[in-house]
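>>> fold the stuff below for me.
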Amino acid sequence: MKNFVDQKKSEVSMRKMHFISGLPRSGSTLLSALLRQNPRMSAAMTSPVASLVGAVLPKMSGASEFSSFFNDERRRTIIKGIFEGYYADVGPEKILFDTNRTWAAKAPLLKEIYPNCRIICCVREVGWIIDSVERMLRKNPMQLSRVFNFQAGGTVYSRVHSLMNSDNGFVGLAWASLREAWFSDSAKRLIVINYDSFVRNPAIVMNRLYAELGEPAFAHDYDNVAYDEPDYDAHLGMPGMHKVRDKVEHQSREPCVPPDVFAKYSDANFWLSPEGNRRGAVVLC
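Numbers count the residues shown, from 1 in each chain. Below you'll find the model as predicted:
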């Protein structure tokens with residue numbers, strides 16, 4: 001029995017774990033769909049692990065009457081147990097990628113749990129992200145979206161204001177989390193993937209990603225990529241939001257939002273400025 005327990009502890013300690021974060025509508029689901037083609041890897045769309053960790057941390061802090069029962073080592077063990085419990089059905093030989101847009105803001109915590117982890121941040125020009133969300137809404141005019149708290153009415157301008165709220169906005173919170181990590185000591189842990197470069201040259205980007213992760217290259221099939229989460233998207237009120245097209249390719253289109261929306265957020269794309277990368281984040285573009 002003791003040998004079995006020791007073996008399980010060894011498997012847990014040796015497991016490789018990385019994280020997918022960054023901005024919404026920027027290719028994170030596409031990236032997961034490609035990674036899962038590799039039998040050595042396990043990836044999917046946004047998981048509930050970040051929410052579980054966020055719920056447990058206050059119970060182990062001064063906000064709880066039981067805070068005196070916890071030290072950092074016990075907190076570390078419990079938080080790691082959440083990850084390992086959630087992925088208990090995934091073989092220890094597989095490399096795990098957990099997705100959540102808030103992971104970038106939790107880089108110091110992730111380092112404590114998985115010291116060798118990297119955070120892959122998918123990015124896209126903010127104007128095109130807003131345009132993508134608006135286009136999705138217009139495809140589903142009979143639906144109300146959780147992204148906007150199921151509220152009807154408003155205009156594209158009021159929706160943009162809601163999206164860009166840095167406390168809880170669908171885009172703004174993720175943008176603030178990424179910017180925090182970009183200018184912090186955790187920047188060298190980041191691998192930033194630009195959406196446009198990704199869909200134009202997926203093989204080049206994936207090969208560079210594997211090299212950064214220290215993993216052998218894999219021959220992905222970029223013409224047959226399959227991923228969909230219809231039940232989750234229906235719950236969001238945005239059917240098709242996480243459906244990945246079969247072929248990875250760039251598709252030109254005219255924006256559906258007013259040009260002043262693009263102009264307003266033209267300075268928000270900080271990762272496009274090489275001189276602004278002062279902390280050494282790796283940018284694949």
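
>>> what about stretch 68-75, distance to the chain center?
28 Å (C-alpha atoms, centre = their mean, to the nearest Å).

>>> end-to-end on it?
Start-to-end span of stretch 68-75 (C-alpha to C-alpha, to the nearest Å) is 12 Å.

>>> I'd guessed residue 92 sits against residue 17; true?
No - the pair formed by residue 92 and residue 17 falls short of the contact definition of C-beta atoms under 8 Å, at 11.0 Å. Every C-beta, even on glycine, is put in place using the N, C-alpha and C of the backbone.

>>> what do the two both touch?
Shared contacts of residue 92 and residue 17 (C-beta atoms under 8 Å, 6 or more residues apart in numbering): none.

>>> measure the nearest residue to residue 212 once chain neighbours are set aside to residue 167 for me?
By the measure of C-beta to C-beta, 6 or more residues apart in numbering, the closest residue to residue 212 outside its immediate chain neighbours is residue 191, 5.3 Å from it. Remark: distance between residue 191 and residue 167 (C-beta to C-beta, to the nearest Å) = 26 Å.

>>> residue 245 now?
Taking C-beta to C-beta as the criterion, residue 245 is separated from residue 167 by 33 Å.

>>> those two: who's more crowded?
When residue 245 is set against residue 167 and neighbours are counted by other C-beta atoms under 10 Å, the residue ahead is residue 245, at 13 against 7.

>>> going along the chain, name the strands of the stretch 151-285 of the chain.
Assigned by DSSP state E, counting those that start in this stretch, the stretch 151-285 of the chain shows strands spanning 190-194, 282-284.

>>> for those, give me TSV that also has distance to residue 257, mean neighbour count and mean pLDDT.
What follows is those, written out as TSV (distance: least, C-beta to C-beta, whole Å; neighbours: other C-beta atoms under 10 Å; pLDDT from 0 to 100):
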stretch	distance to residue 257	mean neighbour count	mean pLDDT
strand 190-194	20	24	98
strand 282-284	26	18	95
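
>>> with distance to residue 97 added, can I get these in CSV?
Compiled in CSV, these are given as follows (distance: least, C-beta to C-beta, whole Å):
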stretch, distance to residue 97
strand 190-194, 11
strand 282-284, 15
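
>>> so which of those strands gets nearest residue 131?
Distances from residue 131 to each of these were compared using C-beta to C-beta; the shortest belongs to strand 190-194, at 16.4 Å.

>>> any low-confidence regions in the protein?
Low-confidence segments of the chain, defined by pLDDT under 70: 1-13, 150, 152-153.

>>> distance of residue 266 from residue 32?
According to C-beta to C-beta, residue 266 and residue 32 sit 29 Å apart.

>>> higher neighbour count, the two?
Relative neighbour count places residue 32 above the other of residue 266 and residue 32, with 24 against 12, counting by other C-beta under 10 Å.

>>> dihedrals phi and psi, the closest residue to the more buried one other than its chain neighbours?
When the adjacent residues along the chain are set aside, residue 32 lies closest to residue 43, with 4.0 Å between them (C-beta to C-beta, 6+ apart). Reported as degrees, to the nearest 10, the phi and psi values for residue 43 are phi -150, psi 160.

>>> close enough to count as contact, residue 238 and residue 141?
No - using C-beta under 8 Å, residue 238 is not in contact with residue 141, being 11.6 Å away.

>>> who has more neighbours out of the two?
Under the neighbour definition other C-beta under 10 Å, residue 238 and residue 141 were set side by side, and residue 238 has more, 21 against 6.
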